[in-house]
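>>> Need a 3D model of the sequence below.
(2 chains)
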2 protein chains.
Amino acid sequence: MKIDYFMGEAIKEAKKALKNNEVPIGGVLIDNYSQNIISRGHNRINSSSNAINHCELVIIIKACKKLKTKYLQNTTLFITLEPCIMCSAAISEVHIRTIYFGAYSEKSDGLEKLNSNNNFKGFSPEVYGGIQERQSKKLLKDFFLKQRK
Amino acid sequence: MKIDYFMGEAIKEAKKALKNNEVPIGGVLIDNYSQNIISRGHNRINSSSNAINHCELVIIIKACKKLKTKYLQNTTLFITLEPCIMCSAAISEVHIRTIYFGAYSEKSDGLEKLNSNNNFKGFSPEVYGGIQERQSKKLLKDFFLKQRK
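Prediction:
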């Protein structure tokens, strides 16, 4: 798996979000066998007028539509920010096998928390955090600094 | 709020799911001011080939599209089953103010759990469970009994 290349593609998506005045979070979903990108996307909360249109949901909806399958086993998600609790549970619902994320979420209720919660009975993916963390974090930090001005 | 009437409408939706061979879960979203139904829906995991298309997500996506707003404040959701963790977090993201649900989830990670989790920093709706519980529970029980045969 070309980890740095795919995280670079996720960062490209985050930059597209930034151009559209969305919180800069991006991602790509990879087929584990062919190593091809199945779907790519970024945060579309404002452009789609829907507060649940986080990057991960956009990518999952696109991928299910493209593959005409309700599950996405044997896929890997590269995402620039640690998924929130909604997206973590969505990732679990569709059985995405592996997650590589960039920046760690500053909230205490993200993917790593859900994965370590013994009460959670759903499917748990393998998770690797902090991949090209500095770049993804800087995009987010700059966005929020600008917003506050 | 006509609680029994709206839960009856949610149950009608659950029965539609059943006809389509989906897990029978249904719901309606109400405008708190006009008391009109904004959107209605049921579980569409199989028919849409997407394991995240739980009833609540279907209803939220329809409502945001219809109202062209990213948040759904001042709305009430009637749903036949206690929302799972993904849907609970989605409800929180769009700020649905009040939830009335029918059957309690047998999993330990649903809406009531999320609402009582002090680590969760998101918006928490008011929640009332067990509304016409017997009917919603029977629909689910009969469905799963039939599936096992």
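>>> Need the nearest residue in space to A:Gly130, chain neighbours excluded.
A:Tyr104 (6.6 Å; Cβ to Cβ, 6 or more residues apart in numbering or on different chains). All C-beta spots, glycine's among them, are computed from the backbone N, C-alpha and C.
>>> Next to chain B, which bits of chain A? Give me the list.
Within reach of chain B by Cβ under 8 Å from any Cβ of the partner chain, chain A has these residues: A:45-46, A:48-52, A:54, A:57, A:60-61, A:64-65, A:68-71, A:84-86, A:89-90, A:92-95, A:107-109, A:113-114, A:117, A:119-122.
>>> Quick check: bridge partners of A:Val28?
A:Val28 has the following beta-bridge partners by DSSP bridges: A:Arg40, A:Phe78.
>>> In this structure it contacts A:Glu9, no?
Yes: A:Val28 is within contact range of A:Glu9, at 4.7 Å (criterion: Cβ atoms under 8 Å).
>>> Which neighbours do those two have in common?
Contact criterion Cβ atoms under 8 Å, 6 or more residues apart in numbering or on different chains; residues shared by A:Val28 and A:Glu9: A:37, A:40, A:78.
>>> just checking, the first one touches A:Val28?
Yes: the pair formed by A:Ile37 and A:Val28 meets the contact definition of Cβ under 8 Å, at 5.1 Å.
>>> quick one: buried residues of stretch A:40-60?
A:40-45, A:48, A:50-60 (16 or more other Cβ atoms under 10 Å in any protein chain shown).
>>> among those residues, which are in strands?
Taking DSSP state E, the ones among the buried residues of stretch A:40-60 that sit in strands are A:40-42.
>>> Let's see the pLDDT reported for A:Leu67.
Looking at A:Leu67, its pLDDT is 97.
>>> all strands for chain A, in order.
With DSSP E as the criterion, chain A has strands spanning A:26-31, A:37-42, A:75-81, A:98-103, A:126-128.
>>> residue ranges with poor pLDDT in chain A?
A:108-109, A:118-119 (pLDDT under 70).
>>> quick one: contacts for the residue nearest to A:Gly130?
Counted by Cβ under 8 Å, 6+ apart, A:Tyr104 has contacts A:82, A:110, A:112, A:129-130, A:133.
>>> Quick check on those residues: which are buried?
Buried, going by 16+ other Cβ under 10 Å: A:82, A:110, A:112, A:129, A:133, out of the contacts of A:Tyr104.
>>> wait, which of the residues you listed is closest to B:Lys15?
Nearest to B:Lys15 among those is A:Gly110, at 36.9 Å by Cβ to Cβ.
>>> Once you drop chain neighbours, what's closest to the closest one?
A:Glu82 (4.5 Å).
>>> List the residues that contact the nearest residue to A:Arg97 once chain neighbours are set aside.
Among residues not flanking A:Arg97 along the chain, A:Pro125 sits closest, at 5.7 Å (Cβ to Cβ, 6+ apart). Taking Cβ under 8 Å, 6+ apart as the criterion, A:Pro125 is in contact with A:77, A:91-92, A:95-99, A:115.
>>> need those in JSON lines with neighbour count, can you?
Converted to JSON lines, these look like this (neighbours: other Cβ atoms under 10 Å in any protein chain shown):
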{"residue": "A:Leu77", "neighbour count": "30"}
{"residue": "A:Ile91", "neighbour count": "30"}
{"residue": "A:Ser92", "neighbour count": "24"}
{"residue": "A:His95", "neighbour count": "17"}
{"residue": "A:Ile96", "neighbour count": "26"}
{"residue": "A:Arg97", "neighbour count": "15"}
{"residue": "A:Thr98", "neighbour count": "16"}
{"residue": "A:Ile99", "neighbour count": "25"}
{"residue": "A:Asn115", "neighbour count": "16"}
